[in-house]
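Trainee: Sequence isn't available, so here's the structure alone:
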Ligand SMILES: Cc1cc2nc3c(=O)[nH]c(=O)nc-3n(C[C@H](O)[C@H](O)[C@H](O)COP(=O)(O)O)c2cc1C
């Protein structure tokens, strides 16, 4: 899929067919994450790919709005070292991953990490060292739905020269 098309048609997909996703594809979408823009090129991120059904279920049950992680083929746990711009950097990488997943014909959904009370527990579950922040939990799988979301029109959000 073309880059612009992947960007414009990406939507959060929360239902999956159960078909596995190859390691090669997972590696490619994480490759797109690690190439994201990052303040001072610090690249504070680490990506943990969880595919074990038991761990997927355990992570899902910790979240408040991420129960569908249990049915995903994988959950990419995005972590960042606690640097000045860790959140911007980690979000940037997360978005790249979701768009790359879409370009591969996969569906994914961002489940909140930073600021959530379950962040510490999830970090421990995946063995993240102290000093790392949980940015996002990205469920990935073959889509079993094509959700629509109402989006604010360009004419409403785009301001030339001044707000
Ligand atoms: C920071 C952030 C946190 C989010 N957390 C959740 C979440 O916990 N559970 C969930 O189902 N979706 C979550 N989402 C997905 C949003 O609900 C979704 O992006 C929004 O409704 C717009 O839909 P779209 O992504 O399909 O365009 C999150 C998205 C962002 C950017």
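Mentor: Received the coordinates, thanks. For clarity, every value in this text was computed on a predicted model and none was experimentally measured.

Trainee: Would you mark the buried spots in stretch 66-83?
Mentor: The neighbour-count check on stretch 66-83 (16 or more other Cβ atoms under 10 Å) flags 66, 68-81, 83 as buried. (Glycine included, C-beta is placed from N, CA and C.)

Trainee: Now do the longest helix along the chain, average pLDDT.
Mentor: For the chain, the helix reaching the highest residue count under DSSP state H is reported as helix 86-103. Mean pLDDT, computed over helix 86-103, is 98.

Trainee: do stretch 125-133 as well
Mentor: The predicted model assigns stretch 125-133 a mean pLDDT of 97.

Trainee: and what of stretch 54-74?
Mentor: Averaged across stretch 54-74, pLDDT comes to 98.

Trainee: That stretch and the ligand, are they touching?
Mentor: Yes - using Cβ under 6 Å from any ligand atom, stretch 54-74 comes into contact with the ligand via 65, 66.

Trainee: which residues touch that stretch?
Mentor: Judged by Cβ atoms under 8 Å, 6 or more residues apart in numbering, the contacts made with stretch 54-74 from elsewhere in the structure are 14-16, 18-21, 26, 49-51, 53, 75, 77, 109, 111-112, 116, 118, 121-122, 125-126, 137, 139-142.

Trainee: from these, which ones fall inside helices?
Mentor: Helix and strand membership here follows DSSP H; of the contacts of stretch 54-74, those in helices are 26, 53, 121, 122, 125.

Trainee: and these as CSV, adding distance to residue 132 and neighbour count?
Mentor: Formatted as CSV, the ones in helices among the contacts of stretch 54-74 follow (distance: Cβ to Cβ, whole Å; neighbours: other Cβ atoms under 10 Å):
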residue, distance to residue 132, neighbour count
26, 20, 22
53, 25, 12
121, 13, 14
122, 11, 24
125, 13, 16
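
Trainee: ok, which pair from those residues is furthest apart?
Mentor: Taking Cβ to Cβ as the measure, those span a maximum distance of 23.7 Å, between 26 and 121.

Trainee: Count the residues that sit near residue 144.
Mentor: The burial count assigned to residue 144 is 14, neighbours taken as other Cβ atoms under 10 Å.
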